[in-house]
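> Sequence first, predicted coordinates after that:
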Amino acid sequence: MKQDKQLLGAAGEHLVLSRLLTLGYLAAPAPRGTRKADVLVNPLDNKRPWLIQVKTTFHTEGRPKWHMKEKHEEISDDDMFYCFVDLDYKDSSVFVIPAKKVSKVIKASYKAWLNTPGKKGQAHNETVMRWMSSEYSWKVPGVEPGWMDEYLEKWELLG
């Protein structure tokens, strides 16, 4: 069955909200159209609030990957995190990663992709599309295969 992208995104956001509320964080969906955030988090212990952008994919086979865009290379605020949700019917996973790290990986992977010949040896064309993955099919300097695993369910990074 083909997944509806809006429903998939909503499912990921609800999963993140559920995990945050269960951990005792005051979390709510951001108002529709908010530029950077899908979820707003306000800790109950007077610490600084955070913004979370949720990216969701439905796990099929191999390592999951998430669609990103050129603009994500520039988002590196200290109070900003990404939650990369890998949905599955039985066991869903969330990777909690600071925006600074995501920005660095997105920049490095795109640059490496541009410098890697295509399947027929041709050069890749510039595009606004980017990918986030724990394993890239091209060599990315400073990004080892499985690098995202250390961020699996790493909710303590928020506090």
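Thanks, I have the structure now.

> Okay, strands next: where are they in this protein?
Taking DSSP state E as the test, the strands found in the chain are 26-29, 39-42, 50-58, 65-69, 80-87, 93-98, 129-133.

> which of those sits most buried?
Greatest average neighbour count among these goes to strand 80-87 (a mean of 24), per mean count of other C-beta atoms under 10 Å. All C-beta spots, glycine's among them, are computed from the backbone N, C-alpha and C.

> And that one, how far out from the chain middle?
Distance of strand 80-87 from the chain centroid (C-alpha atoms, centre = their mean, to the nearest Å) equals 4 Å.

> repeat for stretch 39-56
Relative to the centre of its chain, stretch 39-56 is centred 15 Å away, using C-alpha atoms, centre = their mean.

> elements contacting the biggest helix by length in the chain?
The helix that spans the most residues within the chain, counting by DSSP state H, is helix 5-22. Applying 3 or more C-beta pairs under 8 Å, 6 or more residues apart in numbering; DSSP states H and E, one finds that helix 5-22 contacts strand 26-29, strand 39-42, strand 50-58, strand 80-87, strand 93-98.

> Run through who's touching the third one.
Just to be clear, that refers to strand 50-58. If you take C-beta atoms under 8 Å, 6 or more residues apart in numbering as the criterion, strand 50-58 is touched by 3, 8-9, 11-13, 16, 30, 36-41, 64-68, 75, 77, 79-88, 99, 132, 158.

> Could you measure from Lys90 over to Gly146?
Separation of Lys90 from Gly146 (C-beta to C-beta, to the nearest Å): 22 Å.

> Over to Val85?
18 Å.

> Pick out the residue closest to the middle of this protein.
Phe84 (3.6 Å; C-alpha atoms, centre = their mean).

> I'd say it and Ile97 touch.
Yes - judged on C-beta atoms under 8 Å, Phe84 makes contact with Ile97 at a distance of 6.7 Å.

> Which neighbours do the two have in common?
Met148.

> what does the model give Val1 for pLDDT?
Careful, residue 1 is Met and not Val. In this model, Met1 is scored at 52, pLDDT.

> Likewise for Gly12?
Gly12 is given a pLDDT of 94.

> Also Glu73?
Per the predicted model, pLDDT is 94 at Glu73.

> tell me the contacts of it?
By C-beta under 8 Å, 6+ apart, the neighbours of Glu73 are Ser103, Ile106, Lys107, Tyr110, Arg130.
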